[in-house]
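[1] sharing a model prediction with you, sequence too.
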Amino acid sequence: MLRAEVHWDRVMMCYTDRAPDLRQRMAAVVASRGDAIAVIEGEQRFSYAEIDRQAASIAAVLARRGVAPGDRVAVMLANGVDAVRAILAILRLGAVLVAVSARSRSPELAYVFADCTPVAILHGHEFADVVEQAEPLPAIRYDVSGKDWLAAMTDDTFDAPVPDINEDSLFAILYTSGTTGRPKGAMLTHLGAIHSCLHWRDAFALDESDRTLMCVPWAHVSGLCGVVMPFLYLGATLVMLPEFKRRAALKMAVHERITHALMVPAMYGLCLLEPDLAEFDLRTWRIAAYGGAPMPEPTITRFSAAVPSVAMCNAYGATETSSPVTIMPPGEGLMHLDSIGQVVVCGDVRAMDEQGREVPPGADGELWIAGPMVSPGYWQNREATAAAFTGGFWKSGDIGNIDANGYVRIADRKKDMVIRGGFKIYPAEVESVIAGLEGVIESAVVGRNDVMLGEAVVAFVTVNSDSITPAVVHDWCVQRLSDYKVPGEVIVGTTPLPRNANGKIQKADLRERAARLTTAAMSERAA
């Protein structure tokens, strides 16, 4: 059942039957499903009771070192059981998870550390150098490959205090770039994450028997609130992939008899490259969800034909919405190839014109989104919060429409945003990094179509020095940006970039120019 409730001065529809907070929900799952398998990693299997004991020990050690409810704890780990241990330990403390992408570089980490001041960071050994170079470092640091972490997992000599968590309390902070290029910390609450779990559960009829192939990075909203938390909430099973390799993923899907996977469109496209895809025994796989980028219609039809048991289900959401806003009902995907699905049960989506008026069904407008899953705002950023949230709605910046039958479509997205392999890239952030290179006068970053990954990142750079080559710009970005943000193609010249009468760079012209350039031509220019 649903009812209207007030949270953060907003009125929203909420599930009445829901857990009071994520910590108490996980305690209930462990009590009823302790012997069930929570995580599969390679050949190892970890039960809910085992992971809960380890998380309790970690929480106790962190509490002893001073981590208190409301404190931020950064986590930089690859997909795996350690990430689950860390999440559950932080939940036990009533602390706030700061999920850090495994692709982050030191300058990006330094910004996060300065902005939300985490008191601790838990990271993998492979990220040690990146973490060490980021200042200011949190006071508490654990390398999950080190002896201290192993000791923390088995420390049962100290009980962490049980926090008093309000469902409007923060569960996590996830950083998302904006059109200004400055990352913003989207605040996700227990209420929002719980409703994300319930929306996925009801849309796909998920239960404790389901098994998901964990392909997307857990530290992004689609991984955290689209896969990890929903499956833990249900007491179901996470089959972890440290990284996505198509044949290995398909073999794991067969071996572990998965029933569900959430992947970006590029991953389905890669799977279709396997000539013997139809020979994989994937009969247990019933839900093939996707989002993060437009899915080419031929990919939907070809994958559905190759794996007849699956229902291809589009979904749409954002960091600010704790994952899903719309979900395609299973079995309807092939009938609505151009739609991103229908609005989730507790969601409210309106297509609005530039004057803030709702447009008629079928007409295009900016999609405004409300509901219990929507973030209350950005961490310590009132200006950005005021600009993005109005009347309880988050203004997505995406242009779309809602037809008379409730199917939502995206007509366009934020003009400048590039989506590569499901990752959102805001050109202003990349341009800001390029601007720091001595000899650069100006730059503009745009996307161009890429058959496999959706879009390629192209940088047009105007310089006043012969020493600035495409390779120099590329290497500069590699050292300062996550790898998916690094321009794959750099066009260097001395001619000013095209501008309109108001002096604004005409990116539409540059997108057309990028589209005309072949890969060979750009490689030649970069030589």
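    Sure thing, it's come through.
[2] where does the stretch 401-527 of the chain dip in pLDDT?
    In the prediction, the stretch 401-527 of the chain carries residues with pLDDT under 70 at positions 412-415, 500-504, 518-527.
[3] do a quick rundown of the helices in it.
    Using DSSP state H, counting those that start in this stretch, the helices found in the stretch 401-527 of the chain span residues 427-435, 470-478, 507-516, 519-526.
[4] can you tell me which of these is most buried?
    Most buried of these by mean neighbour count (mean count of other C-beta atoms under 10 Å) is helix 427-435; its value is a mean of 21. For the C-beta atoms, the positions are set from N, CA and C on the backbone; glycine is no exception.
[5] for residue 422, see how far away the closest residue to residue 263 other than its chain neighbours is.
    Residue nearest to residue 263 in three dimensions, not counting chain neighbours: residue 215, with 4.9 Å by C-beta to C-beta, 6 or more residues apart in numbering. To residue 422, residue 215 is 10 Å away according to C-beta to C-beta, to the nearest Å.
[6] now residue 146
    For residue 146, the distance to residue 422 equals 32 Å [C-beta to C-beta].
[7] residue 118 contacts residue 70, doesn't it?
    No. In terms of C-beta atoms under 8 Å, residue 118 does not count as a neighbour of residue 70; the distance is 11.7 Å.
[8] more crowded one of these two?
    Shown here are residue 118 and residue 70; by other C-beta atoms under 10 Å, residue 118 has more neighbours (25 against 13).
[9] isn't there a helix covering that one?
    No. Residue 118 sits outside any helix when classified using DSSP: H, G, I helix; E, B strand; the rest coil, being coil.
[10] show the pLDDT at it.
    Confidence at residue 118, expressed as pLDDT, is 98.
[11] closest one to residue 378 among the helices of the stretch 401-527 of the chain?
    For residue 378, the closest of those is helix 427-435, at 15.4 Å, according to C-beta to C-beta.
[12] picking up where we left off before, out of the helices of the stretch 401-527 of the chain, which comes closest to residue 151?
    Closest of the helices of the stretch 401-527 of the chain to residue 151 is helix 470-478, at 35.8 Å (criterion: C-beta to C-beta).
[13] which residue is the nearest non-sequential neighbour of residue 403?
    Closest residue in space to residue 403, ignoring its immediate chain neighbours: residue 362 at 5.2 Å, by C-beta to C-beta, 6+ apart.
[14] one step back: so which of the helices of the stretch 401-527 of the chain comes closest to residue 10?
    helix 427-435 (29.0 Å).
[15] stretch 83-102 spans what distance, first to last residue?
    One end of stretch 83-102 sits 11 Å from the other (C-alpha to C-alpha, to the nearest Å).
[16] before we move on, back to that, correct me if wrong, but the residue nearest to residue 403 is in a strand.
    No. Under three-state DSSP, residue 362 sits outside any strand and is assigned coil.
[17] so how far is residue 483 from it?
    Distance of residue 362 to residue 483, computed by C-beta to C-beta: 40 Å.
[18] in stretch 393-403, what counts as buried?
    Within stretch 393-403, the residues scored as buried using 16 or more other C-beta atoms under 10 Å are 393, 394, 395, 396, 397, 398, 399, 400, 401, 402.
[19] hmm, back to that, what sits against the residue nearest to residue 263?
    241, 244, 249, 261, 262, 263, 267 (C-beta atoms under 8 Å, 6 or more residues apart in numbering).
[20] tabulate the residues you listed in JSON lines, adding columns for neighbour count and secondary structure.
    As requested, these are exported to JSON lines (neighbours: other C-beta atoms under 10 Å; DSSP: H, G, I helix; E, B strand; the rest coil):
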{"residue": "241", "neighbour count": "21", "secondary structure": "coil"}
{"residue": "244", "neighbour count": "20", "secondary structure": "coil"}
{"residue": "249", "neighbour count": "22", "secondary structure": "helix"}
{"residue": "261", "neighbour count": "25", "secondary structure": "strand"}
{"residue": "262", "neighbour count": "27", "secondary structure": "strand"}
{"residue": "263", "neighbour count": "23", "secondary structure": "strand"}
{"residue": "267", "neighbour count": "20", "secondary structure": "helix"}
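[21] now those residues in CSV, with distance to residue 95 and pLDDT?
    Shown next, in CSV, are those (distance: C-beta to C-beta, whole Å; pLDDT from 0 to 100):
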residue, distance to residue 95, pLDDT
241, 27, 95
244, 30, 92
249, 33, 97
261, 30, 98
262, 26, 97
263, 30, 93
267, 32, 89
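[22] Throw the residues you listed into JSON lines and include distance to residue 281, thanks.
    Putting those into JSON lines (distance: C-beta to C-beta, whole Å) gives the following:
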{"residue": "241", "distance to residue 281": "18"}
{"residue": "244", "distance to residue 281": "20"}
{"residue": "249", "distance to residue 281": "14"}
{"residue": "261", "distance to residue 281": "15"}
{"residue": "262", "distance to residue 281": "21"}
{"residue": "263", "distance to residue 281": "19"}
{"residue": "267", "distance to residue 281": "19"}
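[23] mind listing what's buried along stretch 208-221?
    Residues of stretch 208-221 classed as buried by neighbour count (16+ other C-beta under 10 Å): 210, 211, 212, 213, 214, 215, 216, 217, 218, 219, 220, 221.
[24] related to what we said a few turns ago, look up phi and psi at the residue nearest to residue 403.
    The phi/psi pair for residue 362 (degrees, to the nearest 10) reads phi 90, psi -20.
[25] surely it touches residue 407?
    No. Residue 362 is beyond contact range of residue 407, at 10.0 Å (criterion: C-beta under 8 Å).
[26] looking at the two, which one has more neighbours?
    Using other C-beta under 10 Å as the criterion, residue 362 and residue 407 rank with residue 407 on top: 20 against 11.
[27] skipping its backbone neighbours, what lies nearest that one in space?
    Excluding its sequence neighbours, the residue lying closest to residue 407 (C-beta to C-beta, 6+ apart) is residue 339, at 4.3 Å.
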